[in-house]
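Colleague: can't give you the sequence, but here's the structure:
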Ligand code: ATP
Ligand code: MG
Ligand code: FE
């Protein structure tokens, strides 16, 4: 079964061809990061215009690279939320047009389900499983009781982990998105500042990163005022240690309450080397029988391959949309 998948929820325009939900025949990703860098974040109007400019080329490239024609396709899939409404609409409109023109079923996909199902490219999933979803807009612990059945058991009460990375990165003079560079700096420094680990050890599975962000910013501003030069490497290492400690501790806490055979770490922040190492080491020690699945770095950020993987689950259930499909910017798993 061949799915042509679209992703345009934020600042990546991506089109992929996926075979049986598990094999990537092509995964074209056109990023707009250079256009948004100078504004320090994604500008919605700029993002929509880029999607319009890029999407047709992405379709052609994806089909060409996969060596596939429209007549070979089984279905078309698209992210319809969550995300920026103007950005989502470009993908939704393109997918509807292709589906209509070529008489193909249209599969609506939740972007967060896509992040989690990127794990299918690593190995077959077994249910129930636990997913730690860490991205630019979300930080959640999610159990999957069956394919496509998501239950949020913990979530951030304020900032998402990726958002915190981007905000403290800015204070260090790193351009958006800052996660990768903060991660690199962190490996060159040490946790000398001991920032707070909010909600760690509490009897719940929720997260909070705004206090950590404020502590970081206050530390840097205070040093600036008294003319003290702080080590950027140690600042990054201290921030990352606090984030990673909480993410790993809460995941372990969730695993004690929800027995599973597999843990999936998903979303843009799953690219973080510190998190990948700490999670793998801690589980090997405490839950040696649980498989830790973390997609390769190139599949942790936004891409259409993951949307094709998630769509294949919906295809089996015949969950199709018609030409009235609309973007749902605040889509959650209850809608899905
Ligand atoms: P969402 O998926 O919640 O809708 P999004 O699609 O904008 O949000 P992603 O593309 O999944 O988010 O992830 C982007 C985020 O990942 C950014 O905040 C970025 O800084 C962060 N990120 C990327 N690489 C790393 C890394 N190595 N370490 C930490 N954070 C990282
Ligand atoms: Mg992005
Ligand atoms: Fe994302």
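Modeller: Yep, that arrived. Values in this document were obtained by computation on a predicted structure and should not be read as measured data. Ligands and ions are numbered 1, 2, ... in the order given.

Colleague: the strand or helix carrying residue 55 near ligand 2 at all?
Modeller: Assigned by DSSP states H and E, residue 55 belongs to helix 44-66. No - for helix 44-66, no contact with ligand 2 is found by C-beta under 5 Å from the ion; the gap never falls below 9.6 Å. (Each C-beta comes from the backbone N, C-alpha and C, glycine too.)

Colleague: give the next helix or strand downstream of that helix.
Modeller: strand 75-81.

Colleague: on that earlier part again, which elements pack onto the helix holding residue 55?
Modeller: strand 2-7, strand 12-19, strand 23-31, helix 33-37, helix 85-101 (3 or more C-beta pairs under 8 Å, 6 or more residues apart in numbering; DSSP states H and E).

Colleague: residue 59 is nearest to which of the ones you listed?
Modeller: Residue 59 lies closest to strand 12-19 among the helices and strands packed on helix 44-66, at 5.2 Å (C-beta to C-beta).

Colleague: for the closest one, packing partners?
Modeller: strand 2-7, strand 23-31, helix 44-66, helix 304-316.

Colleague: that strand to strand 23-31, inter-axis angle?
Modeller: Put simply, strand 12-19 runs at 170 degrees to strand 23-31, going by axes from the mean of the first three to the mean of the last three C-alpha atoms, to 10 degrees.

Colleague: what is the neighbour count of the one residue in the stretch 101-250 of the chain that gets nearest to ligand 2?
Modeller: Relative to ligand 2, the nearest point of the stretch 101-250 of the chain is residue 136 (6.0 Å; C-beta to the ion). Residues lying near residue 136 (other C-beta atoms under 10 Å) number 23.

Colleague: contacting residues for the closest residue to residue 5 other than its chain neighbours?
Modeller: Spatial nearest neighbour of residue 5, excluding adjacent residues (C-beta to C-beta, 6 or more residues apart in numbering): residue 308 at 3.6 Å. Contact analysis of residue 308 by C-beta atoms under 8 Å, 6 or more residues apart in numbering lists 3, 4, 5, 16, 17, 18, 21, 24, 77.

Colleague: in the stretch 51-200 of the chain, where is pLDDT below threshold?
Modeller: For the stretch 51-200 of the chain, no stretch has pLDDT under 70.

Colleague: need the residues of it near ligand 3, please.
Modeller: residue 135.

Colleague: so which residue of the stretch 51-200 of the chain comes closest to ligand 1?
Modeller: The stretch 51-200 of the chain approaches ligand 1 most closely through residue 179 (2.2 Å), counting by C-beta to the nearest ligand atom.

Colleague: sorry, back to before: wait, what's in contact with the residue of the stretch 101-250 of the chain closest to ligand 2?
Modeller: Contacts of residue 136 by C-beta under 8 Å, 6+ apart are 10, 160, 162, 163, 166, 177, 267, 268, 269.

Colleague: cool, residue 66 as well?
Modeller: When contacts are counted by C-beta under 8 Å, 6+ apart, residue 66 touches 2, 17, 25, 26.

Colleague: same question for residue 333.
Modeller: 110, 112, 113, 142, 150, 151, 152.
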